[in-house]
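Asks: Kindly return the folded structure for what I paste below:
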Amino acid sequence: MNTAGRLLSYERRCSLRGTVAPWFVSARVNANEPTVGDLLRSVRLSVMESKGLLDQLIADDRRVLLSKMTRRTFRKLDTLFHEGDPGDTLHTIVKGHVAIRCSTPAGDVATLTVLGTGASFGEQALLSTDSVRTASAVALDVVETRALHRNEFDALRRANPTVERFLTEALAAQVRRLSAQLVEALYVPADTRVVRRVVMLADLYVDGQGPINVPLRQDDVASMAGTARPTANRVLKQLESDGLISLARGRLEVLDLVALRRRAR
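Replies: Here you go, the predicted structure:
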C-alpha cells in the first residue's frame, strides 16, 4: 500500500472520518485557501496551541475549570485509557509524557504522537455520551494529569458558557494539526519527516544543557513519521554517523539540536 493509502487507512481506523480531507482537497484546488507550506507551518502552531489551551482562558474561567478537574497520577507504562473504551474524560498533562497509539489494519500498534506538559487529549470524550476512545494513551514516564469528566464540563458550560471556548480551541487545534500532518505525509519526503519527528521529540524532552535523552524506540519514530522501520533506521543511522544523535537500545540521544533543526527544513 502506498503512503496515501496507509494514511487513509489510519484515518479510518482512528475515526478521523472526513474531518481532514475536505481542507486538504480545497488547499490543492483553491488559490484562496492555505498553501501546502501554510498547512505544514500550522503543525508547529497547533502543537503550541495545544500546549497552552488553559492559558487561553481568562483567569476567572481558568480557575473555575481547574476547580472541576481531578488530579490523576500514573506510573511509567500505565495505560491511561485503551482504544475502544467508552470515553468520558479529557486529560491535561501537568507532568510527564504520554504516547498516543492506535491499531493499524494489519494488527500492529502505531505511535501517532507524543505529548508533554500542558498538552490536552481526549477532548472528543466531552462531546457526547456515546463517545469511544479512538486511540490508547500510555504513560512514557511518571505522569500527572488534571482530568475533566464530561458531566462536570456539561454543568460548567451551562453555568458559564464562555468556558466552552476551552473545548472549541482544543478541537480546532486538533483539526489543524491533523490536516497539516496529512499534507506533510503526502508531500514531504520520508527522510525529512523522520528528522522532524526527532526534532519534535527533542523539544519535548529537552532539559537544560547537554544531550537530550529521548526514551523511544525506532519503531515509534517510524510510525510517527508515517514510514517503515527500515527507512527510519537508515535515516537515524545517518544522523548518528553525522554526529547529530546517538542511538541505544530503546532510546536515542540528541547531541546537536541546532544542526538537527537545519536538517529538518
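Asks: Give me the domain ranges for the protein.
Replies: Domains of the chain are assigned by automatic domain parsing as 3-186, 189-263.
Asks: just flag whichever of those has the lowest average confidence.
Replies: Mean pLDDT across the domains of the chain is lowest at domain 3-186; the value there is a mean of 74.
Asks: before we move on, back to that, format the domains of the chain as CSV; extra columns: mean neighbour count.
Replies: No exception for glycine: its C-beta is placed from N, CA and C like everyone else's. Listed next are those as CSV, based on neighbours: other C-beta atoms under 10 Å:
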stretch, mean neighbour count
domain 3-186, 17
domain 189-263, 17
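Asks: For Leu201, see how far away His82 is.
Replies: Look at His82 and Leu201: by C-beta to C-beta, to the nearest Å, they are 24 Å apart.
Asks: and if you look at Val114?
Replies: 6 Å.
Asks: what sits in contact with each of the two?
Replies: Common neighbours of Val114 and Leu201 (criterion: C-beta atoms under 8 Å, 6 or more residues apart in numbering): Leu216.
Asks: mind listing what Leu80 touches?
Replies: Applying C-beta under 8 Å, 6+ apart, the residues near Leu80 are 72, 74, 91, 98, 137-139, 143, 145.
Asks: If we use 7 Å, what do you get?
Replies: Leu80 sits next to 74, 91, 98, 137, 139 when contact means C-beta atoms under 7 Å, 6 or more residues apart in numbering.
Asks: Show me these that map onto strands.
Replies: Among the contacts of Leu80, the members falling in strands (DSSP state E) are 74, 91, 98, 137, 139.
Asks: Need the max-distance pair from those.
Replies: His91 and Ala139 (10.7 Å; C-beta to C-beta).
Asks: how near is the nearest residue to Arg229 once chain neighbours are set aside to Arg71?
Replies: Sequence neighbours aside, Ala222 is the residue nearest to Arg229 in space, at 4.7 Å (criterion: C-beta to C-beta, 6 or more residues apart in numbering). The gap separating Ala222 from Arg71 is 34 Å, by C-beta to C-beta.
Asks: again, but for Val254
Replies: 31 Å.
Asks: what's the answer for Thr231, then?
Replies: 41 Å.
Asks: and if you look at Val198?
Replies: 32 Å.
Asks: Over to Met224?
Replies: Counting by C-beta to C-beta, the gap from Met224 to Arg71 is 29 Å.
Asks: Equivalent analysis for Pro215, please.
Replies: From Pro215 to Arg71 the distance is 24 Å (C-beta to C-beta).
Asks: now His97
Replies: 18 Å.
Asks: To which secondary structure element is the residue nearest the centre of the chain assigned?
Replies: In the chain, the C-alpha nearest the mean C-alpha coordinate belongs to Thr113, at 3.9 Å (C-alpha atoms, centre = their mean). Assigned by DSSP states H and E, Thr113 falls within strand 109-115.
Asks: partners of that strand, with directions?
Replies: strand 98-103 (antiparallel) (DSSP bridges).
Asks: Please compute how far the partner strand lies from its chain's middle.
Replies: Relative to the centre of its chain, strand 98-103 is centred 9 Å away, using C-alpha atoms, centre = their mean, to the nearest Å.
Asks: residues in contact with the closest residue to Glu83 other than its chain neighbours?
Replies: Closest residue to Glu83 apart from its sequence neighbours, by C-beta to C-beta, 6+ apart: Ser136 at 4.6 Å. By C-beta under 7 Å, 6+ apart, the contact set of Ser136 is 79, 81-83, 101-102.
Asks: possible to save those residues as a markdown table with distance to Arg158?
Replies: A markdown table is the format used below for the contacts of Ser136 (distance: C-beta to C-beta, whole Å):
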| residue | distance to Arg158 |
| --- | --- |
| Thr79 | 32 |
| Phe81 | 26 |
| His82 | 30 |
| Glu83 | 31 |
| Arg101 | 34 |
| Cys102 | 33 |
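Asks: from the chain's centre, how far out does whichever strand or helix holds Glu253 sit?
Replies: Element membership for Glu253 (DSSP H and E) is strand 251-254. With C-alpha atoms, centre = their mean as the basis, strand 251-254 stands 19 Å off its chain's centre.
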